[in-house]
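S.K.: Fold the stuff below for me.
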Amino acid sequence: VGGVMGAFFQRSFHVASGWGIVHLVTVLAGSACFAAGCVGGCVYLLADRQLRRKHEAPQWRGLPALAAMERFLQRCALLGFPLLTIAIISGVFGAVENPAAFGNFRQVSPKLILAAAVWIIYALVLHVRFAPVFRGRRAAWLSIVGFVLLLGTFVAVIRMPAS
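M.R.: Okay, here's the model as predicted:
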């Protein structure tokens, strides 16, 4: 999504430094994990809805078990969360090293707020196995909301000036 938006808005990203390369790779890999988690959350909600409406004709055949989808959501968060953490840390170090390329990290901007919100959402998703209140549908919704916020972060990064 970031690559497509970057092509439309002609925003150049500076990845010449080591921090820039680490930032770009971890953002892309973490985003892929979270995209898979979002799809898994949608499939979980569809399967849950189908199970709750037993009297209706099944619309989606061959959906995986809810327990398997919940494990999949956990694995996506388990892989993506450390990558997102490394991406945020490398972005801060890159901003300290080269403020013109990364932007001024001392100034609170929507992209920093959204990145922190995404980090908090996925920290919750990562820890839902310890809190039965957030298991199941709530974990699926958290994965979907986290990915939507991640997309919002991409939009903020593309649309806002670097500094």
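
S.K.: ok, residue 23 touching residue 94?
M.R.: Yes: with contacts defined as Cβ atoms under 8 Å, residue 23 counts as touching residue 94 at a distance of 5.7 Å. In short, each C-beta sits where N, CA and C put it, glycine included.

S.K.: If you count neighbours, what's buried in stretch 31-44?
M.R.: 31, 33-38, 40-41, 43-44 (16 or more other Cβ atoms under 10 Å).

S.K.: want to try JSON lines for those residues, with distance to residue 127 and secondary structure as columns?
M.R.: As requested, the buried residues of stretch 31-44 are arranged in JSON lines below (distance: Cβ to Cβ, whole Å; DSSP: H, G, I helix; E, B strand; the rest coil):
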{"residue": "31", "distance to residue 127": "21", "secondary structure": "helix"}
{"residue": "33", "distance to residue 127": "16", "secondary structure": "helix"}
{"residue": "34", "distance to residue 127": "16", "secondary structure": "helix"}
{"residue": "35", "distance to residue 127": "21", "secondary structure": "helix"}
{"residue": "36", "distance to residue 127": "19", "secondary structure": "helix"}
{"residue": "37", "distance to residue 127": "14", "secondary structure": "helix"}
{"residue": "38", "distance to residue 127": "18", "secondary structure": "helix"}
{"residue": "40", "distance to residue 127": "17", "secondary structure": "helix"}
{"residue": "41", "distance to residue 127": "16", "secondary structure": "helix"}
{"residue": "43", "distance to residue 127": "22", "secondary structure": "helix"}
{"residue": "44", "distance to residue 127": "18", "secondary structure": "helix"}
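
S.K.: Which one of these is nearest to residue 89?
M.R.: residue 31 (16.2 Å; Cβ to Cβ).

S.K.: tell me the helices in the chain, going along the chain?
M.R.: Applying DSSP state H to the chain gives helices spanning 2-9, 18-52, 66-97, 99-102, 110-126, 137-159.

S.K.: Let's have those in CSV, adding mean pLDDT.
M.R.: Conversion of the helices of the chain to CSV gives the following (pLDDT from 0 to 100):
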stretch, mean pLDDT
helix 2-9, 55
helix 18-52, 87
helix 66-97, 86
helix 99-102, 56
helix 110-126, 80
helix 137-159, 82
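
S.K.: Show me the two of the buried residues of stretch 31-44 that sit farthest apart.
M.R.: Farthest-apart pair in the buried residues of stretch 31-44 is 31 and 44; separation 19.7 Å (Cβ to Cβ).

S.K.: was I right about residue 138 contacting residue 128?
M.R.: Yes: using Cβ under 8 Å, residue 138 makes contact with residue 128 at a distance of 7.4 Å.
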